[in-house]
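Peer 1: Quick one, structure for this:
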Amino acid sequence: MQVRDLLKVLEGVLYREEIQDKLNLKNRDYFRKNYLVPAIEQGLVALTLPDKLTSKHQKYYLTEKGKEILASLNKEN
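Peer 2: Below you'll find the model as predicted:
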């Protein structure tokens with residue numbers, strides 16, 4: 001459910017803080033553990049700097065698989 005919510009707000013390429021703001025989440029660790037990491041592990045979200053996981057310039061975007069899942073979720077609604 002959290003991953004679905006993440007997919008719905010991830011438009012374009014965004015910083016972690018921007019995604020959290022869109023989801024109205026304040027706790028960084030909670031966001032990473034319950035939203036971001038599962039989405040990345042499922043191959044739905046990718047990193048712009050995969051070799052620099054903790055870079056302050058890190059951004060996230062939907063993969064093709066993520067876009068497909070989002071499209072199917074939108075069809076259901």
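
Peer 1: And the helix or strand of the chain with the lowest mean pLDDT, what's buried?
Peer 2: When the helices and strands of the chain are compared on mean pLDDT, DSSP states H and E, helix 64-76 comes out lowest with a mean of 92. Buried residues in helix 64-76, counted by 16 or more other CB atoms under 10 Å: Gly66, Ile69, Leu70. For every residue, glycine as well, the C-beta is placed using N, CA and C.

Peer 1: Of those, just say which sits nearest to Phe31.
Peer 2: Taking CB to CB as the measure, Phe31 lies nearest Gly66 of the buried residues of helix 64-76, at 16.9 Å.

Peer 1: Excluding chain neighbours, what is closest to that closest one?
Peer 2: Spatial nearest neighbour of Gly66, chain neighbours left out: Leu44 (3.6 Å); criterion: CB to CB, 6 or more residues apart in numbering.

Peer 1: Just the CA coordinates for stretch 66-77, please, in PDB.
Peer 2: Only the C-alpha atoms of stretch 66-77 are listed here, as PDB (Å, rounded to 0.1, in the frame of the first residue of the first chain):
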ATOM      1  CA  GLY A  66       7.000   1.300 -12.100                       C
ATOM      2  CA  LYS A  67       5.300   3.200 -14.800                       C
ATOM      3  CA  GLU A  68       3.400   0.100 -15.900                       C
ATOM      4  CA  ILE A  69       2.300  -0.700 -12.400                       C
ATOM      5  CA  LEU A  70       1.200   2.900 -11.900                       C
ATOM      6  CA  ALA A  71      -0.800   2.800 -15.200                       C
ATOM      7  CA  SER A  72      -2.600  -0.400 -14.100                       C
ATOM      8  CA  LEU A  73      -3.400   1.200 -10.700                       C
ATOM      9  CA  ASN A  74      -4.900   4.200 -12.500                       C
ATOM     10  CA  LYS A  75      -7.000   2.000 -14.700                       C
ATOM     11  CA  GLU A  76      -8.500   0.400 -11.500                       C
ATOM     12  CA  ASN A  77      -9.600   3.700 -10.100                       C
END
